[in-house]
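**Student:** The following block contains a protein sequence and its predicted model.
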Amino acid sequence: MAVNEQIHTNNVQVDPVLSVTPAAIEVIKNLLQQRNIPNHALRVFVSGGGCSGMQYGMAFEEQPREFDCVVEEDGVRLLIDPTSLMYLKGSTIDYVDSLMGGGFRIDNPNAVSTCGCGHSFRTGSSDAGGSACGGCSSY
């Protein structure tokens, strides 16, 4: 499902930002309920590090910060800071459950290489050379 609205704390702008699959939405809702934090949002961010130079992160937060992009899909709110948005725009957030375990997966069209673990990536503008992490191989 495509997220069709991007809402800044200071103005409203219609622009597709992220896609969130129904599986991911369901897991986020379940986590909010299990942790008894139904009014929180999921912050999705990018930070330096990881085996390919940049890594994804997620955390629950009660309120957006100034300049955050706030997207809402099917009752779930996502918070993205402006810097992370540059790297995440156009991405799809999914939840994959397999025999090896489940987890969120971000399909990022801005990534030119991704570590086999799926939590680390490099963009064309990244200066980091990126190397494989233990047990993972870059592809």
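**Tutor:** Right, received. Where do you want to start? Numbering: from 1, shown residues only.
**Student:** Now do the helix ranked longest in the chain: which elements does it pack against?
**Tutor:** Across the chain, the longest stretch assigned as helix under DSSP state H is helix 22-34. Packing partners of helix 22-34 (3 or more Cβ pairs under 8 Å, 6 or more residues apart in numbering; DSSP states H and E): strand 76-80, strand 92-98, strand 101-107. Just so you know, the C-beta spots here come from the backbone N, C-alpha and C atoms, and that holds for glycine as well.
**Student:** Can you tell me which of these is packed in deepest?
**Tutor:** Of all those, strand 76-80 carries the top mean neighbour count, a mean of 21, counting by mean count of other Cβ atoms under 10 Å.
**Student:** Other residues contacting the helix or strand just after that one?
**Tutor:** Remark: after strand 76-80, the chain's next helix or strand is helix 82-88, criterion DSSP states H and E. For helix 82-88, contacts defined as Cβ atoms under 8 Å, 6 or more residues apart in numbering pick out 17-18, 44-46, 54, 67-69, 80, 106, 108, 110, 123.
**Student:** possible to save the helices and strands packed on helix 22-34 as a markdown table with distance to Gln63 and mean pLDDT?
**Tutor:** Formatted as a markdown table, the helices and strands packed on helix 22-34 follow (distance: least, Cβ to Cβ, whole Å; pLDDT from 0 to 100):
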| stretch | distance to Gln63 | mean pLDDT |
| --- | --- | --- |
| strand 76-80 | 9 | 95 |
| strand 92-98 | 21 | 90 |
| strand 101-107 | 22 | 87 |
